[in-house]
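Q: Build me a structure from this.
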Amino acid sequence: MVDAFYWITIDLLLWGITSIYILKLAPNSSQLMFMFISGVLLWNVAYRGQVDISMGLLEELWNKNLINLFVSPLTFKDWISSLIFISIIKSLISLTFGSILGYFLYRVGILDLFPHLIVFIALLMMTGWWLGLFISGIILRFGTRVQALSWTLVWIVSPFSAIYYPLDILPMWAQMLSKIFPTSYIFEESRNLLYNGQVNYSNLGISAVLNVIYLIASFYFINSSFKKVLAKGLVKIY
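A: Take a look at the predicted model:
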C-alpha cells in the first residue's frame, strides 16, 4: 500500500511548490494552484488504475504464481474482476489521502468540483482499466522482458491529456492526436468548470464512449493473449 501514498505525496509537493512560485510571479493567477493540484489528484486516479492492474499481473509472474492461480477453480473473468476491484480500492484510498493532504498543505478543496467530480473520477478509472488490461495483454504475449511498460506506457498518454495546460497550447498535430484519448476531454472540462463554472456534457459523453470502446477492445485483447499463453503453456511467460 506504500505506493498509494508515496507518489501522490511527491507529486503534490512538487506541483504545490511550483504553484506557489508561479503565484509569486503572477499574484492574480490564483486559480492556477487549484488547476495544478486538482490535475495531480485526478491524474493519479487513472495512473493508479493502470498500474495496479498491470502490477497485479507482474507480481504473479515474479512470484511464479500464475500457474497456481489457474489450477484452482478461479476463472479468467474472476481474475480480471479482482484486479479491477483492487484498483478501485487503491485509487479511492490514494485520492482520499491526496485530497486531505492537498487541502491541509494548500487549502485546495477538490470537492469544489462536486458533483461533476464523480463523473471525472469514474471516467478516469475506466481509462486506467483499459490501459492496465492492454498493457497486461502485451506482457502476457511477450513475457516479463517488456515489464517496463507497466510503469512507462501510461506516461505517453499524459502529454496528450492536457492535465496541467489547455489543449490549444499543443501543436496542431498533438491536438488532433489528443482527440483519441478520453482523458483529454475530462481535463478540458475540469478546467472549463473551474474557469467558467460550466461543463460541456457532449465532451464527457465522447470520453465515455471512447472509454467503453477501448475497455471492450482491451478485454478481448487480454483474453486472446491469455488463450495464446495457455496454448503455449503458462510457464513460457516467466
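
Q: Residue 101: neighbour count?
A: The burial count assigned to residue 101 is 19, neighbours taken as other CB atoms under 10 Å. From N, CA and C alone the C-beta is placed, and that goes for glycine too.

Q: how near is residue 52 to residue 89?
A: In this view, residue 52 and residue 89 are 9 Å apart by CB to CB, to the nearest Å.

Q: Which one's more surrounded, these two?
A: When residue 52 and residue 89 are compared for neighbours, residue 52 comes out ahead with 24 against 13, by other CB under 10 Å.

Q: Could I get the pLDDT score of the more buried one?
A: The model reports residue 52 with a pLDDT of 88.

Q: I figured it hits residue 94, correct?
A: No. Counting by CB atoms under 8 Å, residue 52 sits too far from residue 94 to count as a contact (9.6 Å).

Q: burial measure for the spatially closest residue to residue 45 that is not a sequence neighbour, as a count.
A: In space, and not counting its chain neighbours, residue 45 is closest to residue 124: 4.2 Å by CB to CB, 6 or more residues apart in numbering. By other CB under 10 Å, the residues close to residue 124 number 28.

Q: and residue 124, which of the three is it?
A: The three-state assignment at residue 124 reads helix, by DSSP: H, G, I helix; E, B strand; the rest coil.

Q: In contact with it: list those residues for me.
A: Residues near residue 124 by CB atoms under 8 Å, 6 or more residues apart in numbering: 42, 43, 45, 46, 49, 183, 186.

Q: three-state assignment of the third one?
A: Following three-state DSSP, we place residue 45 in the helix state.

Q: That one and residue 123: what is the separation?
A: To residue 123, residue 45 is 9 Å away according to CB to CB.

Q: How about the second one?
A: For residue 43, the distance to residue 123 equals 12 Å [CB to CB].

Q: swap in the last one?
A: Relative to residue 123, residue 186 is positioned 5 Å away (CB to CB).

Q: Common neighbours of these two, please.
A: In contact with both residue 186 and residue 123: 204, 207, using CB under 8 Å, 6+ apart.

Q: Settle it for me: which of these two has more neighbours?
A: Taking neighbours as other CB under 10 Å, residue 186 and residue 123 compare with residue 186 leading, 30 against 23.

Q: low-scoring stretches of the protein, by residue?
A: Along the chain, segments meeting pLDDT under 70 span 1, 27-30, 233-238.

Q: make it 50
A: Filtered on pLDDT under 50, the chain yields no residues whatsoever.

Q: quick one: contacts for the residue nearest the centre of the chain?
A: With distances taken as CA atoms, centre = their mean, the residue of the chain nearest its centroid is residue 46 (1.4 Å). Going by CB under 8 Å, 6+ apart, residue 46 touches 124, 125, 127, 128, 131, 154, 183.
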